[in-house]
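Engineer: Take a look and give me a structure for this.
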Amino acid sequence: MINGAMIRCARGMLGWSASTLARRSHVGTATVQRIETAKFAVYGQYLTINKIEHTLVDAGVRFTEGSDGEIGIQLKP
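Structural biologist: Down below sits the predicted model:
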């Protein structure tokens, strides 16, 4: 599952504000901000996190995880 830092990074790569991501994901801006600033694991509604993740993926973000557990974020060409 993605975390707040990954969401913030992906949003930055797309040049989106928190309100843009919120609008496109059909969630509140305060929800996006709360998730992005969480210091530990994101404890949010699974469906909310899923909506945000799918919105980012549909916009061209790819979340990767290596066999060593290393996580990456890329923009699809």
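Engineer: Strands of the chain, start to end?
Structural biologist: Using DSSP state E, the strands of the chain run over 61-65, 71-75.
Engineer: now the last one, how far from the chain's geometric center?
Structural biologist: Taking CA atoms, centre = their mean, to the nearest Å, one finds strand 71-75 lying 11 Å from the centre of the chain it belongs to.
Engineer: quick one, it and strand 61-65 angle?
Structural biologist: Orientation check (axes from the mean of the first three to the mean of the last three CA atoms, to 10 degrees): strand 71-75 against strand 61-65 gives 160 degrees.
Engineer: Show me what strand 71-75 packs onto, helices and strands only.
Structural biologist: The elements that strand 71-75 packs onto, with contact taken as 3 or more CB pairs under 8 Å, 6 or more residues apart in numbering; DSSP states H and E, are helix 4-14, strand 61-65. C-beta coordinates here come from the backbone N, C-alpha and C atoms, glycine included.
Engineer: hmm, back to that, output the strands of the chain in CSV, with mean pLDDT and distance to residue 21 appended to each entry.
Structural biologist: Formatted as CSV, the strands of the chain follow (pLDDT from 0 to 100; distance: least, CB to CB, whole Å):
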stretch, mean pLDDT, distance to residue 21
strand 61-65, 92, 11
strand 71-75, 91, 14
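Engineer: Highest mean neighbour count out of the helices and strands packed on strand 71-75?
Structural biologist: Highest mean neighbour count of those: helix 4-14, a mean of 19 (counted as mean count of other CB atoms under 10 Å).
Engineer: Just want the angle from that one to strand 71-75.
Structural biologist: Going by the same axes, to 10 degrees, helix 4-14 makes 20 degrees with strand 71-75.
Engineer: If you average the pLDDT over helix 4-14, what comes out?
Structural biologist: Mean per-residue pLDDT for helix 4-14: 94.
Engineer: Is it possible to get a markdown table of the strands of the chain that adds distance to residue 13?
Structural biologist: As requested, the strands of the chain are exported to a markdown table (distance: least, CB to CB, whole Å):
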| stretch | distance to residue 13 |
| --- | --- |
| strand 61-65 | 7 |
| strand 71-75 | 6 |
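Engineer: circling back to that earlier point, for residue 48, which of the helices and strands packed on strand 71-75 is the nearest?
Structural biologist: Of all the helices and strands packed on strand 71-75, the one in closest proximity to residue 48, counting by CB to CB, is helix 4-14 (11.1 Å).
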